[in-house]
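Novice: no sequence on this one, just coordinates:
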């Protein structure tokens, strides 16, 4: 049986998240900033009386938002290592069945995309980059002092 993927748009790119890893898709109303947190953590939010860490997917990918652009409010809720996260995305496209197992990536990707990518898969919407949710949640590696 083929795997199901939730197709989302992050930083203008359509990518695939394993549907089995996504608990729900929601619109986040209020995000409370988390002082001293890494820049890819947008803050905290509540969902059904549970706290979620809100991950700015664009910043996790080491990309910059255009000046003045507001954070998206759409989020894929995932559980990773016992904690709930809301991964901010630009939009939700569809849930589709993979027509192939994830395969190697034939192109050079930017550092952030390269870190979160775990392959490419063919779907009815075309070839999609499959994103490792754990890597997206973890964000970029801390830069070491020289």
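Specialist: That came through fine. Bear in mind that the values here come from a model prediction, so they are computed numbers and not experimental data. Numbers count the residues shown, from 1 in each chain.

Novice: May I have the beta-bridge partners of residue 121?
Specialist: Here residue 121 sits in beta bridges with residue 128, going by DSSP bridges.

Novice: show me where this structure has strands.
Specialist: Secondary structure of the chain (DSSP state E): strands located at 4-10, 13-18, 22-27, 41-47, 50-56, 74-80, 83-89, 91-97, 117-123, 126-131.

Novice: and of these, who's closest to residue 64?
Specialist: strand 50-56 (10.9 Å; CB to CB). Placement of C-beta: from N, CA and C, glycine included.

Novice: Mind listing what's buried along that closest one?
Specialist: 52-56 (16 or more other CB atoms under 10 Å).

Novice: Can you tell me the strand partners of that strand and which way each runs?
Specialist: Partners of strand 50-56, by DSSP bridges, with direction: strand 41-47 (antiparallel), strand 83-89 (parallel).

Novice: which of those strands sits most buried?
Specialist: With neighbours taken as mean count of other CB atoms under 10 Å, the strands paired with strand 50-56 reach their highest mean count in strand 83-89, at a mean of 21.

Novice: Report the mean confidence score over that one.
Specialist: Per-residue pLDDT over strand 83-89 has a mean of 95.

Novice: just the angle between it and strand 4-10, please?
Specialist: 60 degrees (axes from the mean of the first three to the mean of the last three CA atoms, to 10 degrees).

Novice: what distance separates strand 83-89 from the middle of the whole chain?
Specialist: 8 Å (CA atoms, centre = their mean, to the nearest Å).

Novice: try stretch 3-23
Specialist: Relative to the centre of its chain, stretch 3-23 is centred 8 Å away, using CA atoms, centre = their mean.

Novice: which outside residues touch it?
Specialist: Here stretch 3-23 makes contact (CB atoms under 8 Å, 6 or more residues apart in numbering) with 25, 57-58, 61, 63, 76-79, 84, 87, 89-98, 113, 121, 123, 125-126, 128-131, 133.

Novice: Need the buried ones from these selected in PyMOL.
Specialist: Only the buried entries of these go into this PyMOL selection, using 16+ other CB under 10 Å:
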select buried, resi 25+57+58+61+63+76+77+78+84+87+89+90+92+93+96+98+113+121+123+128+129+130+131+133
